[in-house]
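Asks: sequence first, then the predicted structure:
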Amino acid sequence: MTLSVSTRQVVGPEDAARRNTQGLRDGFVIESMFHPGRINLTYSHLDRMIVGGVVPAGGTLTIDRVAETGTDQFLERREAAILNIGGAGTISVGGKDYALGFQEAIYVGKGSGALSFASDNEAEPALFYVLSAPAHRICPTVHITRDMAKKVHLGSAEECNHRTINQYVHPDVCESCQLVVGLTTFEPGSVWNTMPAHVHDRRMEVYLYFGMQEATRIFHFMGEPGETRHVVLKNHEAVLSPGWSIHSGAGTGRYAFIWAMAGDNISFTDMDKVPMEALR
């Protein structure tokens with residue numbers, strides 16, 4: 001028997017190459033996620049990733065049923081990773097409370113029930129960044145502190161990309177079905193992320209930029225290596241990256257970003273590196 005598999009892109013590179021700036025933003029950029037007292041979710045058809053922000057202010061917020069998933073409960077056939085990039089807060093999962101400080105995370109396994117969110121101090125509310133992908137098996141729920149994250153140091157000051165990759169949802173830290181999530185920080189004076197660039201057709205990725213001053217901007221590069229485009233992002237904006245697209249950026253000031261992947265495997269190193277001379 002001969003097995004033949006063809007790949008069809010939901011959003012193809014030819015389409016992206018023809019879009020103007022607003023067209024790129026409409027298709028790939030997620031704005032205005034974090035608003036006090038609200039839950040804002042975006043359902044992407046790129047590996048069915050759901051991306052969103054939860055800001056508890058004025059009471060507890062709950063994610064129970066999301067109609068777009070077609071299931072009775074949000075996590076009935078899904079897993080989730082949630083990172084806090086604001087004030088201290090608490091997430092309740094299956095009747096158990098998890099206290100999350102700044103840059104702490106929780107992985108929540110399939111079938112865990114409703115998620116409830118609260119802030120310790122509503123004057124300085126938690127900013128919960130939610131990532132969810134379909135899951136076919138149950139993995140244990142795990143509270144992940146900054147110290148638990150696996151740290152990988154890359155780049156150099158000379159290349160302006162001296163950075164630390166903090167791997168939160170990763171096989172060396174906690175079990176997951178298909179989510180891989182981490183947080184990258186930079187040394188002073190380093191501005192480039194993910195350069196030299198790469199692609200990975202086996203999975204999509206999404207970046208959330210944060211920790212930026214009001215006037216700081218990220219020039220985020222996307223597109224096929226030979227047909228690149230860019231979008232300009234501010235604090236707390238996210239950008240979706242299909243498997244065929246590079247995902248790299250440079251900031252006008254200090255920043256950090258959360259990256260998350262979903263797709264065919266959970267191997268962090270599964271990527272196709274793009275030589276600098278191939279970029280156009």
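Replies: Looks like it arrived, so ask away.
Asks: how far off centre is the helix or strand bottoming out on mean pLDDT in the chain?
Replies: When the helices and strands of the chain are scored by mean pLDDT, DSSP states H and E, helix 13-18 comes last with a mean of 90. In this view, helix 13-18 has its centroid 23 Å away from the chain centroid, taken as Cα atoms, centre = their mean, to the nearest Å.
Asks: list the buried ones in it?
Replies: Burial within helix 13-18, assessed by neighbour count using 16 or more other Cβ atoms under 10 Å, is assigned to P13, A16. C-beta: built from backbone N, CA, C; applies to glycine.
Asks: end to end, how far does stretch 265-276 reach?
Replies: With Cα to Cα, to the nearest Å applied, stretch 265-276 spans 26 Å between its terminal residues.
Asks: tell me the buried residues in that stretch?
Replies: I266, F268, D270, M271, V274.
Asks: ok, back up a step: buried residues in the next helix or strand after the least confident helix or strand of the chain?
Replies: With elements assigned by DSSP states H and E, the helix or strand that comes after helix 13-18 is helix 21-28. For helix 21-28, the neighbour count (16+ other Cβ under 10 Å) marks L24, R25, F28 as buried.
Asks: how about those in a markdown table, adding pLDDT?
Replies: Listed next are the buried residues of helix 21-28 as a markdown table, based on pLDDT from 0 to 100:
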| residue | pLDDT |
| --- | --- |
| L24 | 94 |
| R25 | 94 |
| F28 | 95 |
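Asks: what's the closest of those residues to M204?
Replies: M204 has its nearest neighbour among the buried residues of helix 21-28 in F28, at 10.8 Å by Cβ to Cβ.
Asks: wait, that closest one sits on L240?
Replies: Yes - contact status for F28 versus L240: in contact at 4.8 Å, counting by Cβ atoms under 8 Å.
Asks: strands of the stretch 1-150 of the chain, start to end?
Replies: Secondary structure of the stretch 1-150 of the chain (DSSP state E, counting those that start in this stretch): strands at 29-30, 38-43, 50-55, 61-63, 78-84, 89-93, 96-100, 105-108, 115-119, 128-134, 142-144, 150-154.
Asks: for A215, find the nearest of those.
Replies: Closest to A215 of the strands of the stretch 1-150 of the chain is strand 29-30 (Cβ to Cβ; 18.7 Å).
Asks: can you pull the contacts of the residue nearest to P36 when sequence neighbours are not counted?
Replies: Counting by Cβ to Cβ, 6 or more residues apart in numbering, P36 lies nearest to A57, which is 3.8 Å off, once chain neighbours are set aside. Contact analysis of A57 by Cβ atoms under 8 Å, 6 or more residues apart in numbering lists P36, G37, S119, E122, P125.
Asks: what's the pLDDT at A57?
Replies: If you check A57, the pLDDT there is 94.
Asks: name the strands paired with the one helix or strand F257 maps to and say parallel or antiparallel.
Replies: Secondary structure from DSSP H and E places F257 in strand 256-263. Looking at strand 256-263 with DSSP bridges, its partner strands are strand 180-186 (antiparallel), strand 203-210 (antiparallel).
Asks: where does G253 land in three-state SS?
Replies: Three-state call for G253 (DSSP: H, G, I helix; E, B strand; the rest coil): coil.
Asks: these two touch, right, it and T216?
Replies: Yes - with contacts counted by Cβ under 8 Å, G253 reaches T216, the gap being 3.8 Å.
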